[in-house]
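In: quick one, what's the 3D model for this:
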Amino acid sequence: MKKKHRSEKQRIAAVAFEYIEDGQCIILDASTTCFELAKFIKESTKRLTIVTSGLTTATMLKENPNLTVIIIGGIVRSGSNSIEGLIGHELLKKVNVDTLFTSAYALNASDGLTDFSLYEVELKREMVAAAHKTIALIDSSKLGKSSIATFAKIDDIHRLITDQSLSPELTASFRAAKVPVEVAN
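Out: Residues are numbered from 1 along each chain as shown. The predicted model follows:
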């Protein structure tokens, strides 16, 4: 797994962990930031159901007997940790998901959360639709950038956790959408 901006992702994950309550059903995407969050979950005593598209995440979390780990079915591409495609999307309609924790390749005011893999974007759209809340975990290297496809607009997000203050444009967009922004120090 890539180690880019690892300390920032660890700080973001530590803050995100505080939003997970015992007994919840959550989704973790296959991002490296959600993998960092999964490390906190693995060491906890919380009883959780975790739905994930991350192979490494699922493998790590299955070691904790308090966790029920459900992996979304789909296609695994060479060199990828993520399951892609909509083969497993019916599963998302069968579980009551409290919170989706997701990252993205980029976040900007007009496009929202974007990614470069169309297959992954389709699955992430389904994840957003299935969850009662979506918490975006975005390190500052991704802010103000864009990629080819949007999976969530700013008003689809319920909370943003990042590692630096936002630009004035992004701040205004999040304020207008009444989405709280938390900076992990």
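In: quick check: chain neighbours aside, which residue is closest to residue 109?
Out: Leaving out its chain neighbours, the residue that sits closest to residue 109 by CB to CB, 6 or more residues apart in numbering is residue 173, at 4.0 Å. From N, CA and C alone the C-beta is placed, and that goes for glycine too.
In: would you list every one of the helices in this protein?
Out: For the chain, applying DSSP state H gives helices covering 6-17, 32-42, 55-61, 89-94, 118-130, 168-176.
In: which one of the ones you listed lies nearest to residue 182?
Out: Between residue 182 and the helices of the chain, the shortest gap by CB to CB is with helix 6-17, which sits at 6.0 Å.
In: in that closest one, what counts as buried?
Out: 8-13, 15-17 (16 or more other CB atoms under 10 Å).
In: show me what the helix-or-strand element of the chain with minimal mean pLDDT is packed against.
Out: Within the chain, confidence by mean pLDDT, DSSP states H and E is lowest for strand 83-84 among all helices and strands, at a mean of 74. Helices and strands touching strand 83-84, as assessed by 3 or more CB pairs under 8 Å, 6 or more residues apart in numbering; DSSP states H and E, comprise strand 75-76, helix 118-130.
In: parallel or antiparallel, which strands does the first one pair with?
Out: When you say that, I think you mean strand 75-76. strand 83-84 (antiparallel) (DSSP bridges).
In: returning to what we had before: name the residues that touch the least confident helix or strand of the chain?
Out: Contacts of strand 83-84 from elsewhere in the structure, counted by CB atoms under 8 Å, 6 or more residues apart in numbering, are 30, 53-55, 71-77, 117, 119-120, 123.
In: all set, thanks.
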